[in-house]
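>>> Return a 3D structure for these sequence lines:
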Amino acid sequence: MDYHIRQARPQEASVIAKLIMTAMNSECCLNLAGPGHTLEDFHKLMTKLVASSHSQYSYLNTIVATDADNSIMGMLVAYDGSRLLELRQAFIDGARKAFGIDHSGMKAETQPGEYYLDSLCVAPDHRHKGIATALLRHAIEQGRAKGLPATLLVDKGNPKAEALYRRLGFVYVSDTEWGGHAMKRLAYPLQTAE
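Just a heads-up that it's a prediction; the model follows:
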């Protein structure tokens, strides 16, 4: 199947938000929304964040794989780790307004000196077609162009995802935790030109 990788567009925010939520998983989304709020409530916030120009989930930080009809098959959110706290502020402000929850104490999942691959998801009916690999390779090149190694977190309970990352050349850096889940930090080292 043919697909094209390109920059996301603000009018695609709702579809991208759903894919980001799939990458996060429902349990994590509901935890971030807090008691008395639904996945639909969380989707509304995420859609606003994707449509925004200044959020970690912004369309400006998102690449998509599209089919011949320009429908989104998968997406990847990535950004310079040194900008995390600045970009996360939109989520903190949005969650405070929408859910009455202060997430300002949330642990940083990246740091300066990294090109952080925040969220990756391929729509279920388009999986096993090489789309995730293509998105990852594209993001690795974006990081390399900025002089930054690509990094990501993978849930320890998701060995299939970890196997994909390792096949592409990501290496183990450390154990960590995010969103109540045990994670591994992996990095794709910058390679010197030969």
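>>> Low-confidence bits of the chain, can you list those?
With pLDDT under 70 as the threshold, the chain has low-confidence stretches at 1, 192-194.
>>> middle-most residue in it, spatially?
What sits nearest the mean C-alpha location of the chain, by CA atoms, centre = their mean, is Ser119, with 1.5 Å.
>>> isn't that residue right up against Met24?
Yes: in this structure, Ser119 is within contact of Met24 by CB atoms under 8 Å, at 7.0 Å. C-beta coordinates here come from the backbone N, C-alpha and C atoms, glycine included.
>>> All the helices of the chain, residue numbers only.
Counting by DSSP state H, residue ranges of the helices within the chain are 13-24, 26-33, 39-51, 84-99, 131-145, 159-168.
>>> Export the shortest one to CSV, keeping only CA atoms.
What follows is helix 26-33, C-alpha atoms only, in CSV (Å, rounded to 0.1, in the frame of the first residue of the first chain):
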residue,chain,number,x,y,z
SER,A,26,-7.6,4.9,27.6
GLU,A,27,-6.5,4.3,31.2
CYS,A,28,-3.9,7.0,31.0
CYS,A,29,-6.3,9.5,29.3
LEU,A,30,-8.9,8.9,32.0
ASN,A,31,-6.3,9.3,34.7
LEU,A,32,-5.2,12.7,33.2
ALA,A,33,-8.8,13.8,32.9
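>>> Quick one: end-to-end distance for stretch 176-190.
Distance between the two ends of stretch 176-190: 22 Å, counting by CA to CA, to the nearest Å.
>>> neighbouring contacts of that stretch?
Residues lying outside stretch 176-190 but in contact with it, judged by CB atoms under 8 Å, 6 or more residues apart in numbering, are 24, 28, 31-32, 107, 109, 114, 140, 143-144, 147-157, 162, 165-166, 168-175.
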